[in-house]
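Asks: Please find the sequence and the predicted model below.
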Amino acid sequence: MPASPNQRAKLLYLRKILLERTDEQTPMSMPEIISALATYDVHAERKSIYTDLEILRQYGLDIEVTKGRIPRYYIGHRHFELPELKLLVDAVQSSRFITEKKSEELISKVAAFTSHPQSAALKRQIFVTGRPKSFNEQSFYSVDKIHEAINTGMKITFKYYDYNVKKKLAPRKNGALYEVTPVTLCWDSDKYYLVAYNAENKELRNYRVDRMGSVELSEHKADFDRSKFNITRYAKQTFGMFSGEVVRATLAFDNSLVNVVLDYFGMDAKIIPKDNGRFEVSVDVAVSPVFLGWMFQFGDKAKIVSPDSLVGSMRELIKSNTAMYD
């Protein structure tokens, strides 16, 4: 009987079967392994498989054997443990930046790092959350272009879009190209931003990646020194990813908001306990409606103490909003 064309690949098919079909909960007996190889038109005998298993072990595959009357074989340690893969799946699925289609593609690839039985359990986790996802399929590839520009020291060009009342993306500046030096990418409030230097205005600006389109490398060299850029300081100053005048502010909060304050300002924020169940922090903030709105949401549990200019900005915001309902 002539040998099957697949016979030479027996070792590879054996590796594939073990990786895809076995884990600690679903080991395979020798007859099951022989039967599985037969589905690939590969003939095998016990003795040859024992030799192949040892070769795969020497190669680095962690092949374990169960104890008992009938030994069963399975892959033990893998590059990723199941809890780690679940964490990656959760991150992809919960990201609003990644489209639903791209999420499914990425999760399918992540699932390939474990056995089929475990990947089935992993896929049941995919649809737990129903968060709104981005509709801009280009975003995923825009990030790659941005990183390429940063690594090669080049500028990028792109079109920037806003949603109109018809929920359609419409280009700013009548579709004219923006040209900036990409500095870094920043994740804030479940949104992905490009921090870029705009030479025309000589300032740093933030762009939502999911609203960028037609991202390409420019022919011009970058004109911003990234080595002097402190992303941590910048992110704190542009609170909520909206620029504004940066001031040193003293803020008072109810003790029940300690977790919230530390989440937003970081563990470096110095907490000064005060009377009546309150505390104060001294932090750098950007004077913007986003910051003022963040403070306002806590009602009488949060108060701007100083500077007077920031207190005045809050008064004006409250006054203008109150006037709308008079």
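Replies: That came through fine.
Asks: From now on I want contacts and neighbour counts done on CA atoms only, so please keep to that.
Replies: Noted.
Asks: May I see the buried residues of the helix or strand hosting Ser214?
Replies: Assessed by DSSP states H and E, Ser214 sits inside strand 212-221. For strand 212-221, the neighbour count (16 or more other CA atoms under 10 Å) marks Met212, Gly213, Val215, Glu216, Leu217, Ser218 as buried.
Asks: Which elements pack onto that strand?
Replies: The contact analysis (3 or more CA pairs under 8 Å, 6 or more residues apart in numbering; DSSP states H and E) places strand 212-221 against helix 139-152, strand 154-163.
Asks: Arg315 is nearest to which of the ones you listed?
Replies: Closest of those to Arg315 is strand 154-163, at 30.3 Å (criterion: CA to CA).
Asks: Which secondary structure elements does the helix or strand encompassing Val247 sit against?
Replies: For Val247, the element it lies in under DSSP H and E is strand 246-254. Applying 3+ CA pairs under 8 Å, 6+ apart, we find strand 246-254 packed against strand 278-286, strand 302-306.
Asks: Doesn't Glu54 belong to a helix?
Replies: Yes: with DSSP: H, G, I helix; E, B strand; the rest coil as the criterion, Glu54 is located in a helix.
Asks: Quickly compare the helices and strands packed on strand 246-254 and say which is most buried.
Replies: Among those, strand 278-286 has the highest mean neighbour count (mean count of other CA atoms under 10 Å), at a mean of 20.
Asks: List the buried residues of the helix or strand that it is followed by.
Replies: Using DSSP H and E, the next helix or strand after strand 278-286 towards the C-terminus is helix 289-296. Neighbour counts over helix 289-296 (16+ other CA under 10 Å) mark Pro289, Val290, Phe291, Leu292, Met295, Phe296 as buried.
Asks: Who are the contact partners of the spatially closest residue to Asn164 that is not a sequence neighbour?
Replies: Excluding the flanking residues, the one nearest Asn164 by CA to CA, 6 or more residues apart in numbering is Ala170, at 6.6 Å. Going by CA atoms under 8 Å, 6 or more residues apart in numbering, Ala170 touches Tyr161, Asp162, Tyr163, Asn164.
Asks: tell me the pLDDT at the second one?
Replies: The confidence metric pLDDT takes the value 88 at Asp162.
Asks: what about it, neighbour count?
Replies: 14 (other CA atoms under 10 Å).
Asks: That one and Pro171, how far apart?
Replies: Using CA to CA, to the nearest Å, Asp162 is found at 6 Å from Pro171.
Asks: Also the third one?
Replies: With the distance defined as CA to CA, Tyr163 ends up 9 Å from Pro171.
Asks: coming back round to it: compare the helices and strands packed on strand 246-254 and say which comes out lowest on pLDDT.
Replies: Among these, strand 278-286 carries the lowest mean pLDDT (a mean of 90).
Asks: and that one, how far from the chain's centre?
Replies: 29 Å (CA atoms, centre = their mean, to the nearest Å).
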